[in-house]
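> build the 3D model from these lines:
(one chain, ligands or ions: 2)
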Amino acid sequence: MADIITILSNSVSETMSIGFKIGKILKNKRLPVIALLYGDIGAGKTTLIKGIGKAFDIDEREIGSASFVIVSVYETVPPLFHIDLYRLNDGADIDDMGLWDYLSVDSICVIEWAERLGNIDGWTVRISIVETDEECREINIEGIDEKDWFI
Ligand SMILES: Nc1ncnc2c1ncn2[C@@H]1O[C@H](COP(=O)(O)OP(=O)(O)O)[C@@H](O)[C@H]1O
Ligand SMILES: [Mg+2]
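Ligands and ions are numbered 1, 2, ... in the order given. The predicted structure is shown next:
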């Protein structure tokens, strides 16, 4: 069984640092990388992705929390796709937006509101974020080896 790593964050900047570390690790995974993010509004999914983006030298201000943007493409090497499924609610919408095309490109694809996808195969990491207190978050990561995290 795969490890699940649990990390507690006590601030926005800690969540970003955790994201940065995840981003560094994802860069070494076999492409395509599919990172599924779970958690309610305000959990910190977008904040974590700002940290992941830093591992690709993307300025955190370029990564939006605007839920009206469904796909943001960053022309890094490999390309980073930030997909936010918040506004989608059924399988038809997901097919219409071409999600499966994004996932088949050799890219790093980070998906917010992965709840909308149900069970899908071929994911690389699954990350769930739970608000445990105003400034505290519990972050659970599946798909990263403990030996790669605690070095
Ligand atoms: N430890 C923390 N990590 C991440 N966000 C936090 C934390 N503590 C408080 N927050 C706040 O929670 C909100 C997270 O927003 P965001 O990252 O857009 O969440 P989501 O994308 O999951 O809806 C922000 O307002 C941020 O200031
Ligand atoms: Mg968000």
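
> quick one: find the helix or strand in the chain with the lowest mean pLDDT.
Lowest by mean pLDDT, DSSP states H and E among the helices and strands of the chain is helix 91-96, with a mean of 81.

> which is the next helix or strand following that one?
With elements assigned by DSSP states H and E, the helix or strand that comes after helix 91-96 is helix 99-103.

> how distant is the least confident helix or strand of the chain from the center of its chain?
Centroid separation for helix 91-96 versus its chain: 20 Å, with Cα atoms, centre = their mean, to the nearest Å.

> just the CA trace of the helix or strand containing I49, in PDB.
Secondary structure from DSSP H and E places I49 in helix 45-54. Output of helix 45-54 as PDB, limited to C-alpha atoms (Å, rounded to 0.1, in the frame of the first residue of the first chain):
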ATOM      1  CA  LYS A  45      -5.600  24.300  -2.900                       C
ATOM      2  CA  THR A  46      -4.700  27.400  -4.900                       C
ATOM      3  CA  THR A  47      -2.200  28.500  -2.200                       C
ATOM      4  CA  LEU A  48      -0.500  25.100  -2.500                       C
ATOM      5  CA  ILE A  49      -0.400  25.400  -6.300                       C
ATOM      6  CA  LYS A  50       1.300  28.800  -6.000                       C
ATOM      7  CA  GLY A  51       4.000  26.900  -4.200                       C
ATOM      8  CA  ILE A  52       4.100  24.100  -6.800                       C
ATOM      9  CA  GLY A  53       4.400  26.900  -9.400                       C
ATOM     10  CA  LYS A  54       7.500  28.300  -7.700                       C
END
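
> and the next helix or strand past that helix?
strand 71-74.

> mind listing what's buried in that following strand?
Buried residues in strand 71-74, counted by 16 or more other Cβ atoms under 10 Å: S72, Y74. The way it works is simple: take the backbone N, C-alpha and C, and place the C-beta from them, glycine included.

> quote the end-to-end distance of stretch 118-127.
With Cα to Cα, to the nearest Å as the measure, the ends of stretch 118-127 fall 14 Å from one another.
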